[in-house]
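Novice: Mind looking at a prediction? Sequence and model below.
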Amino acid sequence: MNILFVTSEAYPLIKTGGLADVSGSLPLALQELGHDVSLLLPAYSTVMDRVDNYEVVGKTRHYEHDIRLLESKLAGSAVRLLLVDCPAAFDRPGNPYVDAAGQPWADNAYRFALFNQVAVDVAMNRLGMDWPVDLVHCNDWQAGLVPPLLSLFASHPASVFTIHNLAYMGLYDKQIFFELGLPAEIWHLAGVEFHDLFSFIKGGLSYADCVNTVSPQYAMEIQTPTFGYGLEGLLQHRADRLSGIMNGIDQQTWDPASDDNLVQNFDRDNLEKKTKNKLDLQKRYDLKKAKKIPLIGFIGRLVEQKGLDMIIDAMPELTELPLQMLFLGSGEKHYEQALLSLAEQYPESVVVVIGYDEELSHQIEAGCDMFLMPSLFEPCGLNQLYSLAYATIPLVTPVGGLVDSVVDHSAQTMQDGSATGFILESLDGPGLVQAIKRALAVYAEPEQWQQLQLNGMKQDFSWQTSAEQYVELYEKAIALNAG
């Protein structure tokens, strides 16, 4: 089938989070299954700096701007890359969503409404490309207007809408909806209206033929008040069209046996070589070089969702334990400062690197003994999957994709070979300390620990498995769209 994959970011062209990893990997896996995939992305200045060869394949006009549709290829693949070239909307430096001060661009609603309008032009084959679209796969709020806009045509391609994180809803004042000149037919309680506000994401949830999210557990959680952000009623109403598919990982990029970022490659047959990566991190960050001192890593946005409050609450007790901790991330300034203060107070056991560093993230996954991911909610999560592949034992909370991908250590799960990590019993500082103490007790038993590592490394989180499930979802959406 011909699949138009609409996304606001895609690795390696531009990345702020897991959406980019999915958008850079799933289209490739779909292409390998024999489908024809076009990935539609805004032509941000950052993206244009990384695209060498392109041609203009279409022109359109929205919001009094002449817009070019550019075509290239996603690096190293046969996936068609389509770029929406409108300098007024996308030619600006840095993050695609926020300015240098970390504030959302004031015109984000206009920017992504324009992007959605062009997506509809492509989906309806109105730009002369002669490429009839069978299905449009829309991702997160930035593509949420595509399904409602498509619904206005008597005949249109099927649509799937994927929620990568329901917390980001694309909410704007009602006045913005009318200033954007959007069709009045979609402004109602069953449309994009949300408590008299304008919601991009509600458009996708209400109008797509099928809705999915990035883990089975999260698909259930978002139907509850705790995780539904006021949309749980709508999601319950559409439960027959709602499902969860676990993300995969790019096994060419994330393979400890061939990862160019590592000082020492390793695999299941020579697991002892992993230690050299740990010793390298300890030396680089002036930690005591010792094979037997467990090193715990954390990579992520420094925001409440990622469990920063429970980490900070637990740190006084954790720093009394025989362990070292290495944090990589950026986010809210008060979390950054709290971690930096802890690193200053406990330089022998706590290291904090503020920022994002792709190479270092690979090295942390390879060099650490454990990976800390105590999220309050986690639609899927990728770092716990990377950790399993790199023989780094994840410590996670029982939410979303974390509980779908990590099996808690117990006598029973060790006996049946399913144990792969440690799950917190409570989402607070004491729960975190207890889980780490459980992990330390197993770490002191080398044979048990190695068995945990090997259990994790044999898990299959390939994109091929996930892509096959997406194809089934696409087929369902096409059948529903056909009536």
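Specialist: Sure, I can see it.
Novice: ok, Asn455 - contacts?
Specialist: Contacts for Asn455 (CB atoms under 8 Å, 6 or more residues apart in numbering) come out as Val407, Gly417, Ser418, Ala419, Thr420. For glycine as for every other residue, the C-beta is placed from the backbone atoms N, C-alpha and C.
Novice: same thing with Leu339?
Specialist: Leu339 neighbours (CB under 8 Å, 6+ apart): Leu302, Ile312, Phe327, Val350, Val352.
Novice: which strands and helices sit next to the longest helix belonging to the chain?
Specialist: As assigned by DSSP state H, the longest helix anywhere in the chain is helix 463-481. When contacts are defined as 3 or more CB pairs under 8 Å, 6 or more residues apart in numbering; DSSP states H and E, helix 463-481 packs onto helix 18-32, strand 135-139, strand 158-163, strand 210-213.
Novice: Let me have these in a markdown table, adding mean pLDDT as columns.
Specialist: Shown next, in a markdown table, are these (pLDDT from 0 to 100):
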| stretch | mean pLDDT |
| --- | --- |
| helix 18-32 | 94 |
| strand 135-139 | 98 |
| strand 158-163 | 98 |
| strand 210-213 | 98 |
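Novice: closest to Glu332 out of the ones you listed?
Specialist: Across the helices and strands packed on helix 463-481, Glu332 has its closest neighbour in helix 18-32 (18.7 Å, CB to CB).
Novice: about what we covered before: of the contacts of Asn455, keep whichever come out buried.
Specialist: For the contacts of Asn455, a neighbour count by 16 or more other CB atoms under 10 Å gives the buried set as Val407, Ala419, Thr420.
Novice: Give the closest residue to the second one in space, chain neighbours not counted.
Specialist: The spatially closest residue to Ala419, leaving aside those adjacent along the chain, is Thr413, at 3.7 Å (CB to CB, 6 or more residues apart in numbering).
Novice: can you check the last one too?
Specialist: In space, not counting the residues next to it along the chain, Thr420 is nearest to Gly456; the distance is 4.4 Å by CB to CB, 6+ apart.
Novice: wait, is that neighbour part of a helix?
Specialist: Yes: the assignment for Gly456 is a helix, going by DSSP: H, G, I helix; E, B strand; the rest coil.
Novice: Was I right to think it contacts Tyr386?
Specialist: No: here Gly456 does not reach Tyr386: they are 10.6 Å apart, not a contact under CB atoms under 8 Å.
Novice: what sits in contact with each of the two?
Specialist: What both Gly456 and Tyr386 touch, as defined by CB under 8 Å, 6+ apart, is an empty set.
Novice: for Pro96, what are its contacts?
Specialist: Neighbours of Pro96 in contact, by CB under 8 Å, 6+ apart: Ser8, Glu9, Ile14, Thr16, Pro42, Tyr44, Thr46, Phe90.
Novice: And for stretch 252-267, what's in contact with it?
Specialist: Identification of contacts with stretch 252-267 by CB under 8 Å, 6+ apart yields 272-274, 276-277, 280, 358-359, 362-363, 365-366, 386, 389-391, 457.
Novice: Just the buried subset of the residues you listed, please.
Specialist: 273-274, 276-277, 280, 362-363, 365-366, 386, 389-391, 457.
Novice: Quick check: the farthest pair among those residues?
Specialist: Farthest apart among the buried ones among the contacts of stretch 252-267 by CB to CB are Asp280 and Met457. That separation is 20.4 Å.
Novice: on that earlier part again, confirm for me that the residue nearest to Ala419 is in contact with Gly421.
Specialist: No: if you go by CB under 8 Å, Thr413 and Gly421 don't touch, sitting 10.0 Å apart.
Novice: so where does the residue nearest to Val192 when sequence neighbours are not counted fall, helix or strand?
Specialist: Nearest residue to Val192, sequence neighbours excluded (CB to CB, 6+ apart): Gly203, at 4.5 Å. For Gly203, the host element (DSSP states H and E) is helix 200-207.
Novice: Which residue ranges of the stretch 1-150 of the chain form strands?
Specialist: Listed in chain order, the strands of the stretch 1-150 of the chain (DSSP state E, counting those that start in this stretch) span 2-6, 36-42, 55-62, 65-73, 80-85, 135-139.
Novice: May I see these arranged in a markdown table, with mean neighbour count and distance to Leu382 as well?
Specialist: Listed next are the strands of the stretch 1-150 of the chain as a markdown table, based on neighbours: other CB atoms under 10 Å; distance: least, CB to CB, whole Å:
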| stretch | mean neighbour count | distance to Leu382 |
| --- | --- | --- |
| strand 2-6 | 24 | 18 |
| strand 36-42 | 23 | 19 |
| strand 55-62 | 15 | 32 |
| strand 65-73 | 18 | 24 |
| strand 80-85 | 24 | 22 |
| strand 135-139 | 28 | 15 |
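Novice: and of those, who's closest to Arg241?
Specialist: So among those, strand 135-139 is nearest, using CB to CB, at 14.0 Å.
Novice: so what pLDDT did Glu320 get?
Specialist: At Glu320, the model reports a pLDDT of 95.
Novice: Got the domain ranges for this protein?
Specialist: 2-248+463-481, 268-457 (automatic domain parsing).
Novice: Now the ones you listed in a markdown table, please, with extra columns for distance to Trp254.
Specialist: Formatted as a markdown table, the domains of the chain follow (distance: least, CB to CB, whole Å):
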| stretch | distance to Trp254 |
| --- | --- |
| domain 2-248+463-481 | 9 |
| domain 268-457 | 5 |
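Novice: low pLDDT regions in the chain?
Specialist: The chain contains no residues with pLDDT under 70.
Novice: As TSV, the strands of the stretch 1-150 of the chain with distance to Gly400 would be great.
Specialist: Shown next, in TSV, are the strands of the stretch 1-150 of the chain (distance: least, CB to CB, whole Å):
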stretch	distance to Gly400
strand 2-6	23
strand 36-42	25
strand 55-62	36
strand 65-73	33
strand 80-85	30
strand 135-139	17
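Novice: neighbouring contacts of stretch 12-25?
Specialist: 5, 7-11, 39, 41, 44, 46-47, 50-51, 74-75, 95-97, 139-140, 164-165, 214, 247-250, 301, 379-382, 463.
Novice: Mind checking which of these land in helices?
Specialist: Per DSSP H, helices hold the following members of the contacts of stretch 12-25: Thr46, Val47, Trp463.
Novice: quick one: contacts for the last one?
Specialist: When the contact criterion is CB under 8 Å, 6+ apart, the partners of Trp463 are Ser25, Leu26, Leu28, Ala29, Gly248, Ile249, Asp250, Gln251.
Novice: for those residues, which one is nearest Asp209?
Specialist: Nearest to Asp209 among the contacts of Trp463, with distances taken as CB to CB, is Leu26, at 18.1 Å.
Novice: just checking, that closest one touches Gln469?
Specialist: No: using CB under 8 Å as the test, Leu26 is too far from Gln469 to be in contact (10.6 Å).
Novice: what helix or strand does the closest residue to Asp428 other than its chain neighbours sit in?
Specialist: Excluding the flanking residues, the one nearest Asp428 by CB to CB, 6+ apart is Met310, at 5.4 Å. Assigning secondary structure by DSSP H and E places Met310 in helix 308-318.
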